[in-house]
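Have a look; sequence and predicted model below, questions after that.
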Amino acid sequence: MESLFLQQVVNGLIVGSVYSLIAVGLTMIFGVMRISNFAHGDFSMLGAYVAVFILAWLPGWLGWVGSLLAAAAGVGLLGILIERGLFRPLLTRWTDLDQIMVSIGLFILLENLAQLFFGATPRMLPDPFGEATLNLGLFSTSVMRLLCFILALVIIILLQIYLNRARMGVAIQATAQNRKAAQLMGININRVYSLTFALGSALAGLGGVLYGTLFAIYPTMGAMPTLKAFVVTILGGMGNIRGAIFSGFILGVAETLGGSYISMEYKHAIGFIIIILVLLIIPHGLFGRSEE
Amino acid sequence: MRKVSVAILALALCLGLSLAAVSAGAAEPIKVGILGPFTGSLAHNASEMKKGMMLALDQVNAKGGVNGRPLELVFGDSSCKPANGVAAAKKLLSRDKVLVLGGGYCSSVNIATSEVANAEKTPVVVAIAISPTITSRGLKYVFRTSPNSPMFLEGINQWLAQVKKPKTVAFFMENSDYGRDGQKIWEAQCKKIGAKVLSSFYFEIGDTDFTTQISKLKKLNPDVTFNIASTTEAALIQKQAKELNFVTQWIGVGGQFTQAYFKMTGPLSEFAMGSSLEPTKAMKDPVTAAFVTAYQKKYPGSRPGIFSSQGYDNLMVIADAIKRAGKLTGDLAKDRDKVRDALKTTDLKLSQGTIKFGPDGQVHTVFPSVVQVQLKNCQSDTYIIYPPERAAAKYLVPPPWPPRLFMLRWGPPGRGRGALTAPGGRGAPRPYPLRGTGASFVFLLLVRTWNRFFCNKWSTA
């Protein structure tokens, strides 16, 4: 006997895990650098295209693992370049509006470059598990979807360990809490910035490979993850990493359950209704804390 | 050719000579006006229509023309803009004095030009335009040789009533006019054949996650699920239905079956259905096959599409009507009426199928053939399954996923391993033994050779 409720929860958790992964990168960058990166989803798109090319060259699960690594490295590197070349020179003199404009410009630029170089044809990644499905009685899913979920969880846990245990990880957290105090404690702020942007971008790239594995890959695919990542970030509190992790799952499950039991047409609206409610009632997010 | 004739005409008018007096010979050509968007964004499709018409013209004139007189086409460019179309139509009717107005493309242009021609009491035969308005206004001189939008779904309606006879259906539609209009037509048909509509779901263009809706559909378990969607969404829906182990007969309009769609879904889209007017799919029909052969002989290396076929049929219908109208009197108004009366009794078998006009001037006997995606020679492609006289394959009921996936993985050649490894397929790699060793190289070589023989392709495995 299949349970519709359980099936929808599983669907929601799987999508939610990818939302979390992408949103964690966004919230990290915001927490440390106060940059709302509207091009975040396009980093995911680039990561997905890395996977397209690697899997064309080396099919199979080996290629899939390779494309995860290459997407993280490639998009992370691109993140460093963009941070150094674009965001850092403006960091000291801009207003909030400037950086929003710059990141929106970057979003349009990346989308159009992708269209130019990769073409508008949508693609799907081949399934390294030969389309194997899991029919577990209570719900059905595919091996691939389950693996995406587990991988997203593992990456998030590894990130948590890094941020809490490693020296640079703690430095990132310190900078996020108080930039001036961290600087006074001898933390090299510029290195922290580079590292944060690289990590955040790499997470977006990884998320992109998973998103591309679950869904389809095309130049404008980045808009949806960007929107969802912002919903998740606001829901969890801007800059709050743990908040983003849980909010990603909450959004995923809320969307599928809302779509299933309230109204299918308002599936996407649910996320935005949540944003408005959160901003009205608890402006610092479900897990946010006041900075003052 | 056209420029020259226009120039001669202009010269003749300048000199104040009557055209009729200049060329009153026995072999004086009969002029047919052809409208179309020969410039602008639809120029490519219009040139396809023109290529079909030129083929028809060749065939008619090779047989000595119509009643001993050759046909001559005079082209008018509408650029798909109603104002330009009306100007071009007026010029064709009053300056070129064409007997019949054919061609036409773009619904908005044809709505306007058919009104102009009707006012001039000139028969107009529209070749390509989908809006029902064109033939629903009760205009006495307007005919159309292509199906209108409700008729695009008529083939599927007949198939539902006569073959599938579903007990329960569900709708999973794109939230647009395209999706909602299609739903209205199919809903009416379901009512007629007594199928119960379980539920209607919609998705937005650009959506990627359909698992919520598919999970609900699975719970409802409809015999048939109507799914009007474009390429990307339709491909994702097929993939996610597999992931959620949902089996149904998917029916769409057919526009989603593009190259990208088959590349994305590979063998997963098998059994999905839609409709198609592509003449190359209907080679079982001897008339259509003859058209395709003649077309490829005239234009080597090209493949006739739906527009070529519609252009060809359009001119053939016009030529036939002029022929049956008998010897022309020379009085344009009388001749035009005679042709109009002849058009009413048209009964021809052409590349799209039988062409007979209803009292409204609309052809009601042409409808797109029903196609199903089937896996043949390791490639998924659409095959006509209805109507029976055009069918290239038999309808296959979609089997449950577990045996289907098992067959894809381990089944016989053509249906089995090859399907997943063929370049056109998803290219999903299979777990093969001893990967990374010398033996695996030999194994890969074997797989490639296997595919070479059974799929006629070197696999990328």
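Received, thanks.

Next, give phi and psi for the residue nearest to B:Ile193 when sequence neighbours are not counted.
Leaving aside its sequence neighbours, B:Ile193 sits nearest to B:Ala161 (C-beta to C-beta, 6 or more residues apart in numbering or on different chains; 4.9 Å). Quick note: C-beta positions are derived from backbone N, CA and C, even for glycine. The phi/psi pair for B:Ala161 (degrees, to the nearest 10) reads phi -70, psi -30.

Enumerate every residue touching B:Ala161.
B:Gln189, B:Lys192, B:Ile193 (C-beta atoms under 8 Å, 6 or more residues apart in numbering or on different chains).

Serialize these to a markdown table and add fields for pLDDT, secondary structure and neighbour count.
Converted to a markdown table, the contacts of B:Ala161 look like this (pLDDT from 0 to 100; DSSP: H, G, I helix; E, B strand; the rest coil; neighbours: other C-beta atoms under 10 Å in any protein chain shown):
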| residue | pLDDT | secondary structure | neighbour count |
| --- | --- | --- | --- |
| B:Gln189 | 92 | helix | 18 |
| B:Lys192 | 93 | helix | 11 |
| B:Ile193 | 93 | helix | 15 |
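
where in chain B is pLDDT low?
B:1-26, B:377-378, B:409-445, B:447-461 (pLDDT under 70).

Just give me the residue closest to the centre of it.
Closest residue to the average C-alpha location of chain B: B:Leu277 at 3.1 Å, with C-alpha atoms, centre = their mean.

List the buried residues of the single longest helix found in chain A.
Counting residues, the longest helix in chain A under DSSP state H turns out to be helix A:4-33. Under the neighbour-count criterion of 16 or more other C-beta atoms under 10 Å in any protein chain shown, helix A:4-33 has A:7-33 buried.

again with stretch A:214-223
A:Leu214, A:Phe215, A:Ala216, A:Ile217, A:Tyr218, A:Pro219, A:Thr220, A:Met221, A:Gly222.

same deal with stretch A:155-171?
A:Ile155, A:Ile156, A:Leu159, A:Leu163, A:Met168, A:Gly169, A:Ala171.

B:Asp381 is in contact with B:Glu270, correct?
No - if you go by C-beta atoms under 8 Å, B:Glu270 and B:Asp381 don't touch, sitting 10.0 Å apart.

joint contacts of these two?
Joint contacts of B:Glu270 and B:Asp381 (C-beta under 8 Å, 6+ apart) are B:Val373, B:Gln374.

so B:Trp250, which of the three states?
strand (DSSP: H, G, I helix; E, B strand; the rest coil).

contacting residues for it?
B:Thr225, B:Asn227, B:Ile237, B:Gln238, B:Ala241, B:Phe271, B:Ala272, B:Met273.

taking the residues you listed one by one, which sit in helices?
Going by DSSP H, the helices hold B:Ile237, B:Gln238, B:Ala241 from the contacts of B:Trp250.

List buried residues within those residues.
B:Ile237, B:Gln238, B:Ala241.

Leaving out sequence neighbours, find the closest residue to the last one.
It stands for B:Ala241. That would be B:Ile214: by C-beta to C-beta, 6+ apart, it lies 5.5 Å from B:Ala241.

any idea which element the one you found lies in?
For B:Ile214, the host element (DSSP states H and E) is helix B:211-220.

Please confirm that A:Met238 is located within a helix.
No - read with three-state DSSP, A:Met238 is coil and lies in no helix.

And it, how close does it get to chain B?
25 Å (C-beta to the nearest C-beta, to the nearest Å).

what sits against that residue?
With C-beta under 8 Å, 6+ apart, A:Met238 has these contacts: A:Thr27, A:Phe30, A:Gly31, A:Gly285, A:Gly288.
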